[in-house]
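Structure, please.
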Amino acid sequence: MISIAPNAAYITLACVYAAIAFACLVQLVRAQLRQPRCTTQKLFHAAVCACAAMRAGTFGAHHILARASAVARVLAMDLPSLVFCSAFGALAWFWSDVYHNAKRERRVGRRTFIIYVIANIAMYVFLCAVVAALARGKISDVAAMRASRRATALASSYVASMFAMYGTLLIVMLRRFPNESEGRVRKMWEVAVVASASFGACVTRAVRDATDANRASGVQSAYDLTNASALRHVIYYSSTEIIATICVLYVLRKLPPARGAYDEADDEDDIEQPFAADFDDGDGDGDGDSDSSD
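Residues are numbered from 1 along each chain as shown. Okay, here's the model as predicted:
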C-alpha cells in the first residue's frame, strides 16, 4: 500500500517535469516560428522536452513501474538521463565551437564535435546492449543496474568537464572585451550561471551514480519507485536535473533574432546571444556590435 506522502512526492516530480516539458515545447514552437532553420537552441529545447516528458510519465506512473520488470525500470530511469546528458552536452559543445571559431581553430572545433557525436552513440549503444542482455537473462538485475549507472556517471563526467573547460574559457574571453561593450557583464554572469548549474548537476550525478554502482543496496534503491525511495528521488532529481534545467531555460528565455534581422553567414548557429553573438567575429577582441539586436 502506497502512502499519501510518497504519492505526493512522485506526483510533484511528475508535475514539475510536465511543466518543464511544456515550457520547452512552447519555446521550441516560438523559436521555430521566428526562425525556421535548425539551431542548437532548438535541439537543446527538444532534447530537454523529451527528457522531461519521459520523467513526467515515469513518476506519474510510478505505482505501475514499481511492479514492472528490471528492463522497464532501467529504460525508464536511465534513458532520460542519457537524453539529459545529450542536451547539456550539445550546449557545452556549442560553447566549444564558439570558442574555437573565435580563435580561428575550426579544425579543433570539428574534432570536439566528432568526439561529442561518438560519445553519444557509444552511451546509447551501451544502454541498448545492457537492456538486451538483461532481457535475455545473460546478466542479473543488479549487474545491469550497476553497468547502466556507471554509464550515466561516465557521461555526466564528460559533460561536466566540457562545462568546466569552455565555461571558464568563454568567461576569460568576455573579460578581454572592452569595458564599454554592451551587455558584456550580463553575458559573463549568464555564462557563469549556466556553467555553474550544469557543472554542479553533472558532477552530483556522476558522484552519486558511481557510488550507487558500487553498492548493491544503493543501486537497487536508485531504481526503486515504491514509497521507500520517494524522498531520495526528490533530492536526487532536483539536484541533478531540475535546478540546472530551470536555470538554463531562464537564461535561454530570449528568442534568437528573427530571420533576416542579421546576416546569417555571420552566425553559424545562434543558441542565444549570451553564448554566440559576441564571439562570431573571431578576432578575440570583441566589439559588442552584435548586441545591437538586444
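
mind listing the helices for the protein?
All helices of the chain, identified by DSSP state H, fall at 4-34, 40-60, 62-65, 70-102, 106-135, 141-175, 184-213, 216-222, 230-237, 243-251.

Next, format the ones you listed as CSV and append mean pLDDT and mean neighbour count.
Every C-beta, even on glycine, is put in place using the N, C-alpha and C of the backbone. Formatted as CSV, these follow (pLDDT from 0 to 100; neighbours: other CB atoms under 10 Å):
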stretch, mean pLDDT, mean neighbour count
helix 4-34, 90, 16
helix 40-60, 94, 22
helix 62-65, 89, 18
helix 70-102, 93, 23
helix 106-135, 93, 16
helix 141-175, 93, 21
helix 184-213, 92, 20
helix 216-222, 82, 17
helix 230-237, 92, 17
helix 243-251, 94, 19
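
quick one: Ser157 and Ala206 touch, right?
Yes. Contact criterion CB atoms under 8 Å: Ser157 and Ala206 qualify, at 4.5 Å.

Could you measure from the residue most central in space within the chain over to Phe44?
Residue closest to the average C-alpha location in the chain (CA atoms, centre = their mean): Phe88, at 2.8 Å. From Phe88 across to Phe44, the span is 8 Å (CB to CB, to the nearest Å).

Overlap of the contact sets of those two?
Each of Val248 lies in contact with both Phe88 and Phe44 under the rule CB atoms under 8 Å, 6 or more residues apart in numbering.

gap between the residue nearest to the centre of the chain and Ala53?
17 Å.

Please apply the same query to Ala155.
Distance from Ala155 to Ala53, counting by CB to CB: 20 Å.

Could you do Val29 as well?
Distance from Val29 to Ala53, by CB to CB: 15 Å.

And Leu43, by the same measure?
Using CB to CB, Leu43 is found at 16 Å from Ala53.

Thr204 is in contact with Thr240, correct?
Yes. With contact defined as CB under 8 Å, Thr240 counts as touching Thr204 (5.2 Å).

Quick check: end-to-end length of stretch 30-46?
Stretch 30-46 has its terminal residues 12 Å apart, counting by CA to CA, to the nearest Å.

I misspoke; the intended subject was stretch 231-249.
Its first and final residues considered, stretch 231-249 spans 25 Å by CA to CA.

Any chance you could list what contacts it?
Contacts to stretch 231-249, defined as CB under 8 Å, 6+ apart, come from residues 6, 9-10, 12-13, 16-17, 20, 23-24, 27, 44, 48, 51-52, 55, 59, 84, 88, 91, 156, 193-194, 197-198, 200-202, 204-205, 208, 221-222, 225.

repeat for stretch 189-208
By CB under 8 Å, 6+ apart, stretch 189-208 touches 81, 85, 88, 91-92, 152-154, 156-157, 159-160, 163-164, 166-168, 170-171, 174, 236, 239-241, 243-244, 247-248, 251, 274-275.

who touches Cys38 in this structure?
Cys38 neighbours (CB under 8 Å, 6+ apart): none.

ok, now how distant is the residue nearest to Ser229 when sequence neighbours are not counted from Phe113?
Distances taken as CB to CB, 6 or more residues apart in numbering put Ser221 closest to Ser229, at 5.2 Å, once the chain neighbours are dropped. Taking CB to CB as the measure, Ser221 falls 37 Å from Phe113.

Contact partners for the residue nearest to the centre of the chain?
Residues in contact with Phe88 (CB under 8 Å, 6+ apart) are 44, 159, 163, 198, 201-202, 244, 248.

okay if I get the residues you listed as TSV plus distance to Met188?
As requested, these are exported to TSV (distance: CB to CB, whole Å):
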residue	distance to Met188
Phe44	21
Val159	22
Phe163	15
Ser198	16
Ala201	21
Cys202	21
Ala244	19
Val248	16
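
quick check, nearest of those to Leu255?
Phe44 (13.3 Å; CB to CB).

wouldn't the closest one be in contact with Trp93 here?
No. Under the criterion of CB under 8 Å, Phe44 makes no contact with Trp93, lying 10.5 Å away.

how far away is Arg55 from Lys187?
Taking CB to CB, one finds Arg55 at 31 Å from Lys187.
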